[in-house]
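**Student:** sequence and predicted structure are below.
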Amino acid sequence: MDLERACAALAGRFYDSVLTEEPAAPLLDEITALLGFEVGSIVSVRHAQRAEEARCVSASGIDIDACRRAESQHKVSAGRLLRDGSPMQPGRLQHRDTLVDLDLLRRQPYFQEFVVPNRIEEGAKMLLYRGQDQSIFVNFARPRSHAGEGQREQVLRLMAPHMVRSTLIHVKLEQAESLRRLCWESANLCPYPMVVLDNQGQVFLANELAETVLSGDGLSLRRTGFRADLAPENQRLQHAVHEVIAASEGVGRTPCPNALLVSRPSGKRPYSLVLMPLSPERQTMGRRPAAVALVFDPEASQTASVSRCREVFGLTRAEAEVAIGVMQGQSPEQIAATQDRSPTTVRNLLKRVFQKTDVNRQNELAHLMLSSPVVGPGLPGLSRANWDPYRDSDSA
């Protein structure tokens, strides 16, 4: 009963560790000792088309750097097959002699340096997770002399299913984190302020432009959602948000974009706001993305990267600067004044730009530029700022 209670408590900590990012080493210490070994290591193996990359992510009773060297240089844990050619099954402890010919193992270059000191040939290996492009193993070595097979089998029976399930949860959470990073990076590629609202109308995700631009002047963005300064406009805005969220839940009229204007006390032309419902989801409980909003500012000048302009159109720096001035609606005289060039120089540069971009008029050049990768946010770099889509809204 003591062993069962110890395993039950340890199983609970395995699940807690993947949810709280608790270091794996203390848990590995305990399971290694319960199974009657002195050394344990967790190894993640990524499968490529031509080779496998093995990486030790945690170790117990062994220098982790030595373990990482052995994996990176010799792929000690990369194999997923038993000696008879059958695949390893998750949750089953395989002794080393079922995995590799021990005579062959003794001829490996890492045998004296790594295998002998850690008595790996007397150890065992368990597959915790097998995916299309990744496998995760736990290795055990240096068996304790007093360890009994009966206790080892009992511990495996109690613990192996939990080790496999907690590893699967860990992998799924890593995949969710990768998707979250992709969402942030994709949102920041949008050249307009973009906000994703949840099913309560609160901010689920906002790109950098939204955080920077929507700080006042008639329209502001808070964690609780959008707010217009004028009461009648704010009432229309909240009604529009309610409509698109209802559409995302399959309620009400056929989903379609909802557009409205928001005036600005500064006297600038009003913001244009377009709200669109996201596809209805089967998720009926909890927080979820429900709508996306794009904000268009007619007063905002289009920015462009000189370096990207040179790469896309093959322009010199001076030509790119003139082309960007045209895209921003400036006349040759205005470009000359702002760039400290003579009007004649600007016109000569503009002729060369026309030749390289195969256009004949300034409005054609502006249209070409605005339709190209030249316009938009910089590709590298990303600020996660304060918008965490997985944070509970009431904790903000």
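**Tutor:** Received the coordinates, thanks.
**Student:** only C-alpha atoms from now on, for both contacts and neighbour counts.
**Tutor:** OK.
**Student:** where do the strands sit along the stretch 101-250 of the chain?
**Tutor:** Taking DSSP state E, counting those that start in this stretch to define them, one finds strands in the stretch 101-250 of the chain at 124-130, 134-143, 194-198, 203-206, 215-216, 219-222, 225-228.
**Student:** residue with max distance from the center of the chain?
**Tutor:** The outermost residue of the chain relative to its centre, with distances by Cα atoms, centre = their mean, is Thr344 at 49.9 Å.
**Student:** what residues does that one make contact with?
**Tutor:** With contacts defined as Cα atoms under 8 Å, 6 or more residues apart in numbering, Thr344 is in contact with no residue.
**Student:** what helix or strand is it on?
**Tutor:** Under the assignment given by DSSP states H and E, the secondary-structure element containing Thr344 is helix 343-357.
**Student:** now that helix: buried residues?
**Tutor:** By neighbour count, with 16 or more other Cα atoms under 10 Å as the criterion, the buried positions of helix 343-357 are Pro343, Val346, Arg347, Leu349, Leu350, Val353, Phe354, Thr357.
**Student:** then stretch 71-79?
**Tutor:** By neighbour count with 16+ other Cα under 10 Å, stretch 71-79 contains the buried residues Glu71, Ser72, Lys75, Val76, Ser77, Ala78.
**Student:** ok, of the buried residues of helix 343-357, which one's closest to Pro161?
**Tutor:** When the buried residues of helix 343-357 are compared for distance to Pro161, the smallest value, 63.3 Å, is given by Thr357; criterion: Cα to Cα.
**Student:** nearest to Pro289, out of the strands of the stretch 101-250 of the chain?
**Tutor:** It is, among the strands of the stretch 101-250 of the chain and with distance given as Cα to Cα, strand 194-198, at 4.3 Å.
**Student:** name the strands paired with that closest one and say parallel or antiparallel.
**Tutor:** strand 203-206 (antiparallel), strand 289-296 (antiparallel) (DSSP bridges).
**Student:** and that strand, what's its mean pLDDT?
**Tutor:** Computed over strand 194-198, the mean pLDDT rounds to 92.
**Student:** from the rest of the structure, what touches that strand?
**Tutor:** Applying Cα under 8 Å, 6+ apart, the set of residues contacting strand 194-198 from outside is 187, 203-207, 209-210, 225, 287-295.
**Student:** can you rerun that using 10 Å?
**Tutor:** With contact meaning Cα atoms under 10 Å, 6 or more residues apart in numbering, strand 194-198 is reached by 187-188, 202-211, 221, 223-226, 241, 244-245, 273-278, 286-296, 389, 393.
**Student:** and Ala89, how many residues sit next to it?
**Tutor:** Ala isn't right for residue 89; it's Gln. Gln89: 16 surrounding residues under other Cα atoms under 10 Å.
**Student:** ugh, wrong one, I meant Val116
**Tutor:** Taking other Cα under 10 Å as the neighbour definition, Val116 ends up with a count of 14.
**Student:** and for Cys309?
**Tutor:** Other residues within reach of Cys309, judged by other Cα under 10 Å, total 23.
**Student:** all helices of this protein, in order?
**Tutor:** Using DSSP state H, the helices found in the chain span residues 2-20, 25-34, 64-74, 96-99, 102-106, 116-118, 149-188, 208-213, 231-248, 306-313, 317-327, 332-339, 343-357, 362-370.
**Student:** dump those into a markdown table; add mean pLDDT as well.
**Tutor:** A markdown table is the format used below for the helices of the chain (pLDDT from 0 to 100):
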| stretch | mean pLDDT |
| --- | --- |
| helix 2-20 | 88 |
| helix 25-34 | 87 |
| helix 64-74 | 80 |
| helix 96-99 | 76 |
| helix 102-106 | 78 |
| helix 116-118 | 78 |
| helix 149-188 | 88 |
| helix 208-213 | 85 |
| helix 231-248 | 91 |
| helix 306-313 | 88 |
| helix 317-327 | 92 |
| helix 332-339 | 92 |
| helix 343-357 | 94 |
| helix 362-370 | 89 |
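**Student:** most tightly surrounded among the ones you listed?
**Tutor:** When the helices of the chain are scored by mean count of other Cα atoms under 10 Å, the highest mean neighbour count falls to helix 317-327 (a mean of 22).
**Student:** what is that one packed up against?
**Tutor:** Using 3 or more Cα pairs under 10 Å, 6 or more residues apart in numbering; DSSP states H and E as the contact definition, the elements that helix 317-327 packs against are helix 306-313, helix 332-339, helix 343-357, helix 362-370.
**Student:** the nearest residue to Phe140 once chain neighbours are set aside pairs with what?
**Tutor:** In space, and not counting its chain neighbours, Phe140 is closest to Gly40: 4.5 Å by Cα to Cα, 6 or more residues apart in numbering. When bridges are assigned using DSSP bridges, the partners listed for Gly40 are Ser60, Phe140.
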